[in-house]
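Engineer: model the structure of this input:
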Amino acid sequence: MRVGAACDIARAPRQGVTQRTDTTAVRKDLRTADGVRIEARYEPYTGPADGSGTARDPGAIVLAHGFTGALDRPAVRRAAAAFTAHATVVTFSFRGHGRSGGRSTVGDREVLDLAAAVAWARAQGHRTVATVGFSMGGSVVLRHAALYRAEYGQDHAESTFDSVMHRGRTDGRTADPAGPRGAVGAAAAAPASGPGPGPAPAPARASGPAPAHADAVVAVSAPARWYYRGTAPMRRLHWAIQHPLGRLVSRYGLRTRVHHRDWDPVPLPPVAAVPRIAPVPLLVVHGDQDPYFPVDHPLSLAEAADPEACELWLRPGFGHAENAADAALLDRIGSWAATRLQAPAARPHHGSRDPHAPRAAGSTPGHAPGPAPDATEGTDG
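Structural biologist: Numbering: from 1, shown residues only. Coordinates of the predicted model:
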C-alpha cells in the first residue's frame, strides 16, 4: 500500500468562481487540512416537500467513491441521482482521482478529503450529514467516523477524542492519559504546512469553520483489514499500487495517480475503527458475490461494531461497490440514510439486519439549505 500526499497536478475548471453546471448542481474546489485541492459537486434534494408544502432540510449525503472512481464517473453519478430523492448530495473526487489534486494514499489521507466535503455540506446549512462510502471509500467513512466525533445532545458540537487522537497521518492512536486530548476541527481550514510527504497536520479546532463529523455512516463493499491479498482482483490491485509499472498503469490506464511512499505509520484499520463509531448509526452493506472481499470482511466489521448501533445487510447476488449497485439497492441505502438523518440519535434494535437478506452465520444484525450564489472556489496551487 502506498501513502503520502503530493502537490496538486490536476487543473481546476476555473479559479475564484463557483461553477454551476446546470440550474441546480454547483461545483466547487475545496481545500483539505493538508492543502490538497478537491473537486466537489453539490446537488439539491429532489424529493417531496414536507406536509405543509414548504421546503425542508432533509440533511445531506456525502458520497465517497471507490479506488479509480471519480466525481464524474457514471456509477458515481448514478448513485448520486438515486440519493437526491432522499437528501441533498455532495460528491467529490478523492485526491489523485479525477480533477482533484495530489496523489492517492489508498485510504489514509483520504479521511481529510471526506472531512472537507462534510464540512462543506454543513457550511451550506445542513444540520445533519450522512457519509456513504464504497470499497476504498467505505474504509474511509469508517475511519472518518472514528476520528471525527461529535457530542450527542449538544447540537452536534465538535468534541475532543476520548480514545482516538488525530496525529500524524490521520492514524488512530490511543490517547495518552497524561497528555493533552486531541481536538477535531474542520478539514477545510488552511494547512499549517505543504501537502508533501510527511506527517499530516491535525485539523485545528476553530469556531469558524463548519464541523466535519457524520451523523450516520454507510460502508458498502468495505474491507475490514489492510493488505488483504486473498483474491485475484486484490492481488492485481496491490501490484497496481506497489509496483512502479503498476502505478504507471494506474495513472494512464485507470486515471488514478498513486503516491509511491509506503504507509508510515499504518492507519487505523477499519475493523479497529468501527467500535469507536457508536452511537452514530452504522450500516454495513456487502454482496455475497463480491470478487474483492469475501463475506468474512463485513462479518468482522459487524462483530466489532456496537450491536445497538450497527446493521448488516448481506445482499445475495451483489458484486462490488458502486459499479455493481442496482437502483433498488441504492434507493434502500438512500432511504436508510435519510431516516437516520431525521432522527440521528435513534438506534436500531440489537442485531437488526436487512430483512430481505439471508441469515449468515456470525452476522449481526424551513429554508432549504444550499450553496450561496456568490460562493467561490478554492484556489489551485
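Engineer: what's whichever helix in the chain runs longest packed up against?
Structural biologist: Determined from DSSP state H, the single longest helix within the chain is helix 327-342. On a contact count with 3 or more Cβ pairs under 8 Å, 6 or more residues apart in numbering; DSSP states H and E, helix 327-342 meets strand 60-64, helix 74-83, strand 129-134, strand 216-220, strand 282-287. In short, each C-beta sits where N, CA and C put it, glycine included.
Engineer: looking at the ones you listed, which is nearest to residue 24?
Structural biologist: Closest approach to residue 24 among the helices and strands packed on helix 327-342 (Cβ to Cβ): helix 74-83, 11.6 Å.
Engineer: find the nearest non-adjacent residue to residue 70, please.
Structural biologist: Leaving aside its sequence neighbours, residue 70 sits nearest to residue 98 (Cβ to Cβ, 6 or more residues apart in numbering; 3.2 Å).
Engineer: quick one, helices of this structure?
Structural biologist: Under DSSP H, the chain gives helices at 74-83, 110-123, 136-147, 232-242, 244-252, 270-273, 296-304, 321-324, 327-342.
Engineer: can you tell which of those is closest to residue 284?
Structural biologist: Taking those one by one with Cβ to Cβ, helix 296-304 is closest: 5.0 Å.
Engineer: mean confidence for that closest one?
Structural biologist: Here helix 296-304 scores 98 as its mean pLDDT.
Engineer: what's the angle from it to helix 136-147?
Structural biologist: Interaxial angle of helix 296-304 relative to helix 136-147 (axes from the mean of the first three to the mean of the last three Cα atoms, to 10 degrees): 20 degrees.
Engineer: between the helices of the chain, which gets the lowest average pLDDT?
Structural biologist: helix 244-252 (a mean of 90).
Engineer: buried residues in that helix?
Structural biologist: 246, 247, 249, 250, 251 (16 or more other Cβ atoms under 10 Å).
Engineer: quick check: closest non-adjacent residue to residue 335.
Structural biologist: residue 86 (5.8 Å).
Engineer: wouldn't the one you found be in contact with residue 48 here?
Structural biologist: No - taking contacts as Cβ atoms under 8 Å, residue 86 lies outside contact range of residue 48: 10.7 Å.
Engineer: tell me which of these two has more neighbours.
Structural biologist: The neighbour comparison of residue 86 against residue 48 (other Cβ atoms under 10 Å) goes to residue 86, with 24 against 10.
Engineer: that one and residue 40: what is the separation?
Structural biologist: 19 Å (Cβ to Cβ, to the nearest Å).
Engineer: same question, residue 260
Structural biologist: As judged by Cβ to Cβ, residue 260 and residue 40 stand 26 Å apart.
Engineer: those two: who's more crowded?
Structural biologist: It is residue 40, of residue 260 and residue 40, that has more neighbours when counted by other Cβ under 10 Å, with 23 against 14.
Engineer: the more buried one against residue 27, yeah?
Structural biologist: Yes - in this structure, residue 40 is within contact of residue 27 by Cβ under 8 Å, at 7.1 Å.
Engineer: how close does the closest residue to residue 336 other than its chain neighbours get to residue 317?
Structural biologist: Setting aside the residues directly before and after it, residue 336 is nearest to residue 283 in space (Cβ to Cβ, 6+ apart), at 5.7 Å. Per Cβ to Cβ, residue 283 is found 19 Å from residue 317.
Engineer: more neighbours: these two, which one.
Structural biologist: Each of residue 283 and residue 317 has its neighbours counted (other Cβ under 10 Å); residue 283 has more, 24 against 9.
Engineer: what sits against that one?
Structural biologist: 216, 217, 218, 219, 310, 311, 312, 313, 333, 336, 337 (Cβ atoms under 8 Å, 6 or more residues apart in numbering).
Engineer: do residue 270 as well
Structural biologist: Counted by Cβ under 8 Å, 6+ apart, residue 270 has contacts 138, 139, 142, 143, 219, 222, 223, 224, 225, 301.
Engineer: closest one of those residues to residue 277?
Structural biologist: residue 142 (7.0 Å).
Engineer: please name the residues that touch the closest one.
Structural biologist: 133, 217, 219, 222, 270, 273, 274, 277, 301.
Engineer: contacts only, for the closest residue to residue 25 other than its chain neighbours.
Structural biologist: Of all residues beyond its chain neighbours, the one nearest residue 25 is residue 43 (4.9 Å), with distances taken as Cβ to Cβ, 6+ apart. Neighbour list for residue 43: 24, 25, 80, 84, 88, 89, 90, 91 [criterion: Cβ under 8 Å, 6+ apart].
Engineer: can you rerun that using 10 Å?
Structural biologist: 21-22, 24-26, 60-61, 63, 77, 80-81, 83-84, 87-91, 370 (Cβ atoms under 10 Å, 6 or more residues apart in numbering).
Engineer: pretty sure residue 280 contacts residue 149?
Structural biologist: Yes - at 8.5 Å, residue 280 and residue 149 qualify as touching, with contact defined as Cβ atoms under 10 Å.
Engineer: so what sits against both of those two?
Structural biologist: Counting by Cβ under 10 Å, 6+ apart, the residues touching both residue 280 and residue 149 are 213, 214.
Engineer: who has more neighbours out of these two?
Structural biologist: Taking other Cβ under 10 Å, residue 280 and residue 149 do not tie; residue 280 has more neighbours (25 against 22).
Engineer: and the pLDDT at that one?
Structural biologist: 96.
Engineer: now it, what are its backbone angles?
Structural biologist: With angles defined as degrees, to the nearest 10, residue 280 sits at phi -60, psi 130.
Engineer: identify the bridge partners of the residue nearest to residue 25.
Structural biologist: Following DSSP bridges, residue 43 is listed with bridge partners residue 89.
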